[in-house]
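Chemist: just a sequence and a predicted model for now, questions to come.
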Amino acid sequence: MNLEILLFSVFALVSAVSAVMTITRKTPVISAIFLILNFFSLAGLYLLLNAQFIAVVQVIVYAGAIMVLFLFVIMLLNSAAESKIFSDNRVIQYFAVFIAVFVFAQLAYLIFFQHPGEVINPQLAESIKAGTIENIGRQLYTEYLIPFEIAGFLLLAATIGAMVIAKKKFE
Amino acid sequence: MIEQYIPIFMVMVFAIIFGLGVIFASKIFGPNRPNKFKLMPYESGKDPVGDARERMSIKYYLVAMLFIIFDIEVIFVYPWGVEFKKLFADFGILAFTPMLVFLIVLELGFLYIYVKGGLKWD
Amino acid sequence: MDIWSIVIETSIKIFVVVNVLLLTVSYSVYFERKISAWAQNRIGPNRVGWLGLLQPFADVFKLLLKEDIVPDKSNKAIHALAPFLALFVAFSTYAVIPIGPEMTLFGYTFSLVVADVGIGILYVLAMTSLGVYAITFAGWSSGSKYSLLGGIRSAAQMISYEVSMGFSIAGVIMFSESLNMNVIVQSQAGWMWNAILQPIGFITFVVAAFAETNRMPFDLPEAEPELVGGYHTEYSSMKFAGFFLAEYANMAIASALIVTLYLGGWQNPLVDIFGITGITATLMQIGAFLVKVLALLFFFIWVRWSLPRFRYDQLMDLGWKVMFPLSLINIVWVAALIMIFNL
């Protein structure tokens, strides 16, 4: 059997199952664990698309950094507050359904009408070269220099925002 | 390309098997005689008081948020670092200034938190 | 090369490396106890086998036959997941660390690294960033106050030092122009070791490595006088052994990483001086790598029994206010070296 298809099946299955488990578990910490597993298998899928750098960044940033904050927040709530997060708020429930339908429609449109598969370079060597860190560095610091600096200011805004929110609690 | 990564997958599969083996080993070999006092949370010999899961200082959250921001910053530095010698050969000092600006911008945020006392632990 | 030959070759490498790693772990535990004994003018383990050399195996058998206690108030699944994660991280990080150059044996050439991948060092970073979860899960799931305090402190400590660790590595890859570990080693040929060229980055990386492995002077999460056992207070039997094993394996891997990134990896100056080639040179290079790693392991243990523990506020101050700015200065320093001296 073709190795790529075998690995794709494994990662796709794991990511689909873990995504379903994330939203069906009652304990938020278990949900978070499945979300980490989901990010991990997505990294595997990126790897199969020859995007090595994106794959490893997916693990470092999403599974390694963002989920740590998620877990800090979930773990340090007491058990009573934990069960209330999702169940007690009607508005959030309607909003969640709306977002889900919207994202599904968007993805369906992209897949069936835009044919994203055709954008990928069919030449294997070219495709591998596009995903290397050297190529990303070259592109980012020549052609995409302005968006890069803007990203810097965006992160500055996030830093100050984090401090402002936390500051209220200090006093 | 994916052939390169087969060893990594194999190492991970081996690590999973090894980990599971260690976790279940004492279930198989060790005795199992639980009693009420054995299963109490340890609190230096006294009966445990209250719930273990108290809410924590806001500073831990602040550290986690700062970590996300600077982790993303590190990720931006790597592609530049790998390509720096070649960029320097092509553009001279102009290869260095964009990263310097980026670092200074982010350090302004760091200084803001420092000055406001967000990094003060007591 | 077809897939099956890769699979067979990798299986052999994994078998060898894991055995070497387990042996190193067993005997670093033994030497930790021996060296601490010498430092404190005691004798140390000397009953099991000649000079107590079989002590590590006796310890493993003892833990294997102990009862596995899972406290009532704990979350059972996550309680078991935590030591598993610690072991998973510790026993998959070694994959990209090269222990020698390419080697030819019986007409078959192979590289002395389990996985020679392009993203090398980033794979190590990704794995270390998952190590935080083992400790947070252990602390949270046990349902004990000491565990929770130890777990949350440790998590905050690890993520703080991960930042300066990441920036220190940036300095290394600016010289090597690659993330591949073998290329990083080759870029330090002769005496062009990164430890000499970028001493600031070397110091920040070593300090971060101590903090990441929770070793003294940064072993706050398990500060005995205040937190009993820290995050593994409620663990017993092989689950405790799992944490213990992972801690020492991480120490060995951290030493190997410091050697690879800053101390020239498997480069052996004698090979260049005497112009040795062939299989002798390869063996000497592997020997050089092992000697460097063992010296660093000794350093880890030596520091533990010589320095007192930091206070928590001192630890966080050191991480954010000293190590973080220093690791940024290191990047500017390396950029200046490249721009001025064209290194």
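Modeler: Cool, the structure landed. Residues are numbered from 1 along each chain as shown, chains lettered A, B, ... in the order given.
Chemist: all helices of chain B, in order?
Modeler: B:6-29, B:58-91, B:97-115 (DSSP state H).
Chemist: and the longest one, what's buried?
Modeler: Yep, that's helix B:58-91 we're talking about. B:59-85, B:87-88 (16 or more other CB atoms under 10 Å in any protein chain shown). In short, each C-beta sits where N, CA and C put it, glycine included.
Chemist: name the helix or strand of chain C that has the lowest mean pLDDT.
Modeler: helix C:224-227 (a mean of 66; mean pLDDT, DSSP states H and E).
Chemist: that should have said chain A, apologies.
Modeler: Lowest mean among helices/strands of chain A [mean pLDDT, DSSP H and E]: helix A:79-87, a mean of 61.
Chemist: residue ranges for the helices of the chain, please.
Modeler: By default, I'm working from chain A. In chain A, the helices defined using DSSP H lie at A:3-24, A:28-48, A:52-57, A:67-75, A:79-87, A:90-109, A:124-130, A:133-140, A:145-170.
Chemist: the chain in question should be chain C.
Modeler: Using DSSP H, helices in chain C cover C:3-39, C:55-64, C:76-90, C:120-141, C:145-176, C:181-186, C:194-197, C:199-212, C:224-227, C:237-262, C:269-274, C:278-304, C:312-317, C:324-341.
Chemist: check whether the first one contacts chain B.
Modeler: When you say that, I think you mean helix C:3-39. Yes: Helix C:3-39 is in contact with chain B by CB under 8 Å from any CB of the partner chain, via C:3, C:6-7, C:10-11, C:13-14, C:18.
Chemist: other SSEs contacting that helix?
Modeler: Packing contacts for helix C:3-39, counted by 3 or more CB pairs under 8 Å, 6 or more residues apart in numbering or on different chains; DSSP states H and E, involve helix B:6-29, helix C:55-64, helix C:237-262, helix C:278-304.
Chemist: tell me the most buried of these?
Modeler: helix C:237-262 (a mean of 25; mean count of other CB atoms under 10 Å in any protein chain shown).
Chemist: what bits of chain A have low per-residue confidence?
Modeler: Within chain A, the stretches with pLDDT under 70 are A:1, A:76-88, A:119-122, A:169-171.
Chemist: go with 90
Modeler: A:1-7, A:23-32, A:47-53, A:63-65, A:68-97, A:110-145, A:158-171 (pLDDT under 90).
Chemist: which parts of it sit against chain C?
Modeler: So chain A meets chain C at A:3, A:27, A:29-30, A:33, A:36, A:52-53, A:55-57, A:59-60, A:63-65, A:67-68, A:71-72, A:75-76, A:132-134 (CB under 8 Å from any CB).
Chemist: only the buried subset of those residues, as a PyMOL command please.
Modeler: Buried subset of those, written as a PyMOL selection, criterion 16+ other CB under 10 Å:
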select buried, chain A and resi 29+30+33+36+52+53+55+56+57+59+60+63+64+65+67+68+71+72+75+76+132+133+134
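Chemist: within reach of chain C, which of the buried residues of helix B:58-91 are there?
Modeler: Applying CB under 8 Å from any CB to the buried residues of helix B:58-91, those adjacent to chain C are B:60, B:63-64, B:66-67, B:70-71, B:74, B:77-78, B:81-85, B:88.
Chemist: show me what residue of chain C gets nearest to chain A.
Modeler: For chain C, the residue closest to chain A is C:Ser129, as judged by CB to the nearest CB, at 2.8 Å.
Chemist: one step back: dump the helices and strands packed on helix C:3-39 into TSV; add distance to C:Thr204 and mean pLDDT as well.
Modeler: Listed next are the helices and strands packed on helix C:3-39 as TSV, based on distance: least, CB to CB, whole Å; pLDDT from 0 to 100:
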stretch	distance to C:Thr204	mean pLDDT
helix B:6-29	28	88
helix C:55-64	33	86
helix C:237-262	11	90
helix C:278-304	16	89
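Chemist: adding distance to C:Gly150, write these out as a markdown table.
Modeler: Formatted as a markdown table, those follow (distance: least, CB to CB, whole Å):
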| stretch | distance to C:Gly150 |
| --- | --- |
| helix B:6-29 | 20 |
| helix C:55-64 | 20 |
| helix C:237-262 | 12 |
| helix C:278-304 | 18 |
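Chemist: which among those helices is found nearest to C:Trp140?
Modeler: Smallest distance to C:Trp140 across the helices and strands packed on helix C:3-39 (CB to CB): 14.9 Å, for helix C:237-262.
Chemist: cool, thanks, signing off.
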